[in-house]
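Colleague: Provide a 3D model corresponding to the input given below.
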Amino acid sequence: MPKTISREIPLAEITLRRYEKPSKVSERELVRKLCLSIGLLQPGDSRDIIVDILHVLIKAKKQKKELSSDEIEKEVIEARKKQKLALHGIASSNIRRQLKRLRDLFIVEKVKNNYRINEFDELGNIFNEKISKFYISSIVDRVKDYFEAFK
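Modeller: Here you go, the predicted structure:
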């Protein structure tokens, strides 16, 4: 009888990629590179709805505006049509799933039934305070525990 190996489920994970420094590209392309850099998007992935969701929320942040998932969906559809991009991944369930991914990384928060960039803060501050100091630090500490277990 073959032995079944239990599936290990990580408590937390993040993928980090290093790209060239940001240059003069469109704001959407800048958001795309950010998503690639933190593992929200895979290189070569054509399913990039998360880019437009984050882009919509970044624009709303400038006006200190919270958006419902329906409003986000509507704005994402408009943005994709304007950019002449395929309307793949725009199902309400997928929009909510992508919002959950952004929430899991502390970039977006849900206030009542609306979403916004965490506390309308600057993305650089969110990275430093929430992702780097808290999230990445806790992951690195646990990896160190495994390395040190071999003493």
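
Colleague: residue contacts, the residue sitting nearest the centre point of the chain?
Modeller: The centroid of the chain falls nearest to Leu102 when counting by C-alpha atoms, centre = their mean (3.9 Å). For Leu102, the contact set (C-beta atoms under 8 Å, 6 or more residues apart in numbering) comprises 40, 50, 53-54, 57, 108. In short, each C-beta sits where N, CA and C put it, glycine included.

Colleague: helix or strand for it, which one?
Modeller: helix 92-104 (DSSP states H and E).

Colleague: Buried residues, that helix. List them.
Modeller: 94-95, 98-99, 101-102 (16 or more other C-beta atoms under 10 Å).

Colleague: Make TSV from the residues you listed and add distance to Val76 to it.
Modeller: Converted to TSV, the buried residues of helix 92-104 look like this (distance: C-beta to C-beta, whole Å):
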residue	distance to Val76
Asn94	10
Ile95	7
Gln98	9
Leu99	11
Arg101	15
Leu102	13
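
Colleague: From those, pick the one nearest Arg80.
Modeller: For these, the closest approach to Arg80 (C-beta to C-beta) belongs to Ile95, at 12.0 Å.

Colleague: Now do the strands for the protein: every range, in order, please.
Modeller: Secondary structure of the chain (DSSP state E): strands at 67-68, 108-111, 114-117.

Colleague: any idea which of those strands is most buried?
Modeller: Greatest average neighbour count among the strands of the chain goes to strand 114-117 (a mean of 20), per mean count of other C-beta atoms under 10 Å.

Colleague: tell me which strands and helices that strand is in contact with?
Modeller: On a contact count with 3 or more C-beta pairs under 8 Å, 6 or more residues apart in numbering; DSSP states H and E, strand 114-117 meets helix 49-62, strand 67-68, strand 108-111.

Colleague: Tell me which of those sits nearest to Arg28.
Modeller: helix 49-62 (5.5 Å).

Colleague: What residues sit buried inside that closest one?
Modeller: 49-61.

Colleague: Just the angle for that helix relative to helix 92-104, thanks.
Modeller: Put simply, helix 49-62 runs at 60 degrees to helix 92-104, going by axes from the mean of the first three to the mean of the last three C-alpha atoms, to 10 degrees.

Colleague: can you list contacts of helix 49-62?
Modeller: Under the criterion C-beta under 8 Å, 6+ apart, residues 27-28, 31-32, 34-35, 40-41, 66-67, 72, 75-76, 79-80, 85, 88-90, 94-95, 98-99, 101-102, 107-108, 115-117, 120, 123 lie in contact with helix 49-62.
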